[in-house]
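# Return atomic coordinates for the entry below.
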Amino acid sequence: MAKVHVTTTINGEPMEFLCEPSDTMLDALRGPLALTGSKEGCASGDCGACSITLDDRLICSCLMLAVEAQDHEIRTIEGMAQGDKLHPLQQKFLEMAALQCGICTSGMLVASDALLRKNPKPSEEEVRFWLAGNLCRCTGYDKIVRAVMETAAEMRAQ
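Residues are numbered from 1 along each chain as shown. Here you go, the predicted model:
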């Protein structure tokens, strides 16, 4: 089968790539686009390790066909930092040791960023609910939730 040409925007940059019609967005990100921050944990949309945003909507890239990216805006973990300056969530995850093995970290960060963009003052319950689709087998969730809550407070104070 012939490859499909896809034109999209990823992390604010115009991008083009070729993919098979059956390739997932995760396949395209990790393959021809060489954006390997999104991880494959389950390939069924259950773990959130491959979380990205599509037009500001949080999705699992393992459940999206790459051809569906045509003319859409995608944000990945690679788009969070500004050069060498970490995003406040990334910095807080490091400071609070809200990560261990790293498989879930990019998905947790993308999901947390999506939450704070929609709701800059979430309650702890809202953070836990929002991150329920992202599984972590190492840290538990308390450090992650605290890191998101503290980041939200600091970003509001700026």
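
# Please identify the helix or strand for the residue nearest to I59 when sequence neighbours are not counted.
For I59, ignoring the flanking residues on the chain, the nearest one in space by C-beta to C-beta, 6 or more residues apart in numbering is I52 at 6.3 Å. In short, each C-beta sits where N, CA and C put it, glycine included. Using DSSP states H and E, the element containing I52 is strand 51-54.

# which other residues reach the helix or strand hosting F93?
For F93, the element it lies in under DSSP H and E is helix 88-95. Residues outside helix 88-95 that contact it (C-beta atoms under 8 Å, 6 or more residues apart in numbering): 80-81, 86, 98-99, 105, 108-109, 112-113, 116, 144, 147-148, 150-151, 154-155.

# which other residues reach stretch 122-131?
48, 108, 111-112, 114-116, 119, 141, 144-145, 148-149, 152.

# Which of those fall in strands?
With DSSP state E as the criterion, strands contain none of the contacts of stretch 122-131.

# Which among the residues you listed count as buried?
The neighbour-count test (16 or more other C-beta atoms under 10 Å) applied to those identifies 48, 108, 111-112, 114-116, 141, 144-145, 148-149, 152 as buried.
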